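Q: I'd like to go over a predicted model; first the sequence, then the structure.
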Amino acid sequence: MDGEPVEREALVVTLWFDSGEGTEPYSATVRLRGRRVGSRAMPGRDDTFTHEERVEGVVPGTGPLSVTCWVYGLVPGEWTVTGELVRPGDAVHERRAPGSLKRAAAEPIGPAAWSWRRWRVSGGSSAPLKTRWAMAAPLARIPAVIPGSWPALSGLGILVALSVLVAILAHEQVPVTRSLAVSVLAIGAGLLGAKVWYALLHPGPWRQWIGGWAVDGFLAVGFVVAVAGLVAFRLPIGASLDAAAPGLFFGVAIGRVGCFLTGCCAGRCTRSRWGIWSSDRRVGARRIPTQLLESGAGLLLGIVTLLLVLDHVPTVPGLVFVASFGTYVLVRQFLLRLRAESRRYSWDRGLAPRSAL
């Protein structure tokens, strides 16, 4: 009906370009220009848009990169979108007056397409794009990202961890029901701690941290609650923690694969051959596979602790858990330095600047 306000929607556009040659990382700007299909010969304010995205830390020699942009507040319908890329060599815009970037030389770039079979990004179709409900825009297709893979694999990791714990307790003839109750309570408290920890380290609007979790918070809060629960149920603390160690690390191994497929905790861009093309949910590039490295470390610790617990080596209760947990903390601190998000230590990451790459 005429006169009724039009509900605005969002457009999700993924473009790609080659990182080029060189030795030093650089920053680039991706510029989108859109026009609504079926608009008038003289388009109005709601018929066009211009959107710019700054991409920091592009590493030359890493091959193709993809950049996913979210443009909100558009009139529903189909839009034709073109893209341009401004590199430092095109114009030294940092030393120019505001607005001079629009006059700088730019190279055209096209839409991106992702192949799971070939595990690579390439040129996609230039057909018009259709808007979508703004709340569902974060679930749009992104190269190398499977929405929902982290909660799915994390849930699977929790089930595996509990199953391994039950099997070990049954093998050691330890009361299963009370130990399982403590584990479930510790996991629930750990999840709450992971959410609060992430929120404290990433202050800002609630939408910024609602989808994030911090494994440090999970481990810290979960450990405290687990020890308190073991004391309350009068269960052996050392032996119970040892029995929980293998399942804990198997869960880490499975959950970190979900991080890799979701695009969180992404590693830095690298030109090394052992880098793997992945995404941080915005920029896709060849990266250090920090999530998979942590997954491998978790799998190795899970196997070693399982063998030690079953063989009763060492004989001091709790030593397996303490040694393995300490090893995991050291490995994690090393991997934190390889992530795209600049940080020094897990406890002061909120003070470190965040980067797109």
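A: Right, received. Where do you want to start? Residues are numbered from 1 along each chain as shown.
Q: got phi/psi on the residue most central in space within the chain?
A: Against the mean C-alpha coordinate of the chain, by Cα atoms, centre = their mean, the closest residue is residue 264 at 0.6 Å. Dihedral pair for residue 264: phi -100, psi 160, per degrees, to the nearest 10.
Q: quick check, it in contact with residue 151.
A: No. Residue 264 lies out of contact with residue 151 (Cβ atoms under 8 Å); the separation is 11.3 Å. Using the backbone N, CA and C atoms, a C-beta is placed for each residue, glycine as well.
Q: so who does residue 154 touch?
A: Taking Cβ atoms under 8 Å, 6 or more residues apart in numbering, we find residue 154 in contact with 251, 254, 255, 258.
Q: most neighbours among the residues you listed, which one?
A: residue 255 (26 neighbours; other Cβ atoms under 10 Å).
Q: could you identify the helix or strand that succeeds the strand or helix carrying that residue?
A: Per DSSP states H and E: residue 255 is located in helix 237-262. Moving toward the C-terminus from helix 237-262, the next helix or strand (DSSP H and E) is strand 276-279.
Q: who does that following strand touch, helix- and strand-wise?
A: strand 283-287 (3 or more Cβ pairs under 8 Å, 6 or more residues apart in numbering; DSSP states H and E).
Q: ok, residue 143 to residue 86 distance?
A: Remark: distance between residue 143 and residue 86 (Cβ to Cβ, to the nearest Å) = 22 Å.
Q: phi, psi of the nearest residue to residue 240 once chain neighbours are set aside?
A: Excluding the flanking residues, the one nearest residue 240 by Cβ to Cβ, 6 or more residues apart in numbering is residue 230, at 5.3 Å. The phi and psi values for residue 230, taken as degrees, to the nearest 10, are phi -60, psi -40.
Q: where does the stretch 251-357 of the chain have low pLDDT?
A: Applying pLDDT under 70 to the stretch 251-357 of the chain flags residues 342-357.
Q: what about the strands in the stretch 1-150 of the chain?
A: With DSSP state E, counting those that start in this stretch as the criterion, the stretch 1-150 of the chain has strands at 9-18, 26-36, 48-58, 64-74, 78-86, 107-115, 120-123, 129-130.
Q: export the ones you listed to TSV and append columns for distance to residue 335, mean neighbour count and mean pLDDT.
A: Below are the strands of the stretch 1-150 of the chain laid out as TSV (distance: least, Cβ to Cβ, whole Å; neighbours: other Cβ atoms under 10 Å; pLDDT from 0 to 100):
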stretch	distance to residue 335	mean neighbour count	mean pLDDT
strand 9-18	28	22	96
strand 26-36	25	19	95
strand 48-58	18	16	94
strand 64-74	23	20	95
strand 78-86	31	19	95
strand 107-115	26	16	95
strand 120-123	25	16	93
strand 129-130	37	16	95
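Q: just so I know, which of the ones you listed lies nearest residue 333?
A: Of all these, it is strand 48-58 that lies closest to residue 333, at 21.8 Å by Cβ to Cβ.
Q: that closest one - contacts with which helices or strands?
A: strand 26-36, strand 64-74.
Q: can you list the strands that it pairs with?
A: strand 26-36 (antiparallel) (DSSP bridges).
Q: using PDB, write out every CA atom in the strand it pairs with.
A: Taking C-alpha atoms only, strand 26-36 is exported to PDB below (Å, rounded to 0.1, in the frame of the first residue of the first chain):
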ATOM      1  CA  TYR A  26      49.900  -3.700   3.000                       C
ATOM      2  CA  SER A  27      46.400  -2.400   3.500                       C
ATOM      3  CA  ALA A  28      43.800  -2.200   0.700                       C
ATOM      4  CA  THR A  29      40.300  -0.800   0.300                       C
ATOM      5  CA  VAL A  30      37.500  -2.700  -1.400                       C
ATOM      6  CA  ARG A  31      34.800  -0.400  -2.800                       C
ATOM      7  CA  LEU A  32      31.300  -1.600  -3.800                       C
ATOM      8  CA  ARG A  33      28.900   0.200  -6.000                       C
ATOM      9  CA  GLY A  34      25.400  -1.100  -6.200                       C
ATOM     10  CA  ARG A  35      22.300  -0.300  -8.200                       C
ATOM     11  CA  ARG A  36      18.800  -1.700  -7.700                       C
END
